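J.: predicted model follows, preceded by the sequence.
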Amino acid sequence: MTCTFCQIIERKIPADIIYEDEYVVAFRDKNPMAPVHVLIIPREHIAGPLAFDGENSELAGRLIAAAAAVARQEGLADDGYRLVMNQGRHGGQSVFHVHLHVLGGRYMKWPPG
Ligand code: 5GP
Ligand code: ZN
């Protein structure tokens, strides 16, 4: 198994895991871009958002719901936060196990870079 995020789920690579349930695991990004930067991933290996379909799309909802739980836990509920899911080269995806970025603790510019 060479997927870094599958190895984090299996506790073979250390990570600061701050939330998990039957379907998803959340941990702090090793290179944070905001005061709070958490990645939410499904336990099932899905390559990226392009791989969501009618069979597995329930997991996309579970990622967003887990992000809401993490946002409350991290104190982001009042001021808000940004969710980002990158796909492929133009999207800036660098790890090919789908992940939802939760960014908060500072004002987020729009449009993104
Ligand atoms: P992407 O660019 O694919 O949307 O985001 C991948 C994210 O994963 C990056 O923000 C990167 O810092 C983070 N990342 C990559 N490898 C690891 C790791 O081994 N541990 C942690 N905690 N974060 C990682
Ligand atoms: Zn994986």
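T.: Happy to help now that I have it. Numbers count the residues shown, from 1 in each chain. Ligands and ions are numbered 1, 2, ... in the order given.
J.: which elements pack onto the helix or strand in which Ala69 is found?
T.: Using DSSP states H and E, Ala69 maps to helix 58-73. If you count contacts as 3 or more CB pairs under 8 Å, 6 or more residues apart in numbering; DSSP states H and E, helix 58-73 packs onto strand 17-20, strand 24-28, strand 36-42, strand 81-84, strand 100-104. Where you see a C-beta, it was placed from the backbone N, CA and C, and this is true even at glycine.
J.: try it again at 6 Å.
T.: Where contact means 3 or more CB pairs under 6 Å, 6 or more residues apart in numbering; DSSP states H and E, helix 58-73 is packed against strand 24-28, strand 36-42, strand 100-104.
J.: how much does it deviate in direction from strand 36-42?
T.: 150 degrees (axes from the mean of the first three to the mean of the last three CA atoms, to 10 degrees).
J.: pLDDT below threshold where in the chain?
T.: The chain contains residues with pLDDT under 70 at 1.
J.: give me the residues contacting the helix holding Ala69.
T.: Residues outside helix 58-73 that contact it (CB atoms under 6 Å, 6 or more residues apart in numbering) are 19, 23-24, 26, 38, 40, 42, 52, 77, 81, 83, 100, 102.
J.: between strand 24-28 and that helix, find me the angle.
T.: Going by the same axes, to 10 degrees, helix 58-73 makes 40 degrees with strand 24-28.
J.: run the chain-centre distance for helix 58-73.
T.: Taking the mean of its C-alpha atoms, helix 58-73 sits 9 Å from the chain's own mean (CA atoms, centre = their mean, to the nearest Å).
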